[in-house]
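Novice: need a 3D model of the following:
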Amino acid sequence: MKFLKRYGFFDENVFLFYEEDILASKLQNLGYGELSLNYIEFKHFESQSIDKALNYYKKIIRLQKSKMYYHINYNNINSIQKFIFHILNIWRRLELLIEIPIRKIIK
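Specialist: Predicted coordinates:
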């Protein structure tokens, strides 16, 4: 807890997606390295409460917004990259208009 207070908590501008990436970016900027602990296992009950609050479309949109925020604020993408991101986000929303009804039919 002392560490998080000293170097900053999670970025409150994102929720549900990209929190770990942002935290890792902050730590890398402070000179900390990465470590992989391959022997650790845990069970993650994905989307137990979020599925009740957000439908699939809203989760994907939130993912896209968090991704854009991360790349703009932590990867310093340039204007051309931002433009491409915006185009891809529009494309993804259009895809969802087709994908979501198909998912409902398949269920």
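Novice: do you have the helices of this structure handy? List them.
Specialist: 2-7, 19-29, 50-53, 56-74, 79-106 (DSSP state H).
Novice: what's the most buried one of the ones you listed?
Specialist: helix 56-74 (a mean of 16; mean count of other CB atoms under 10 Å). The C-beta positions use only the backbone N, C-alpha and C, and glycine is treated the same way.
Novice: from what I see, residue 64 and residue 89 are in contact.
Specialist: Yes. Using CB atoms under 8 Å, residue 64 is in contact with residue 89, at 5.0 Å.
Novice: which residues do these two both contact?
Specialist: Counting by CB atoms under 8 Å, 6 or more residues apart in numbering, residue 64 and residue 89 have no common neighbour.
Novice: picking up where we left off before, of the helices of the chain, which shows the lowest average pLDDT?
Specialist: For these, the weakest mean pLDDT is recorded on helix 50-53, namely a mean of 66.
Novice: re earlier: make TSV out of the helices of the chain and add distance to residue 42.
Specialist: Below are those laid out as TSV (distance: least, CB to CB, whole Å):
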stretch	distance to residue 42
helix 2-7	20
helix 19-29	14
helix 50-53	18
helix 56-74	22
helix 79-106	28
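Novice: noted, bye for now.
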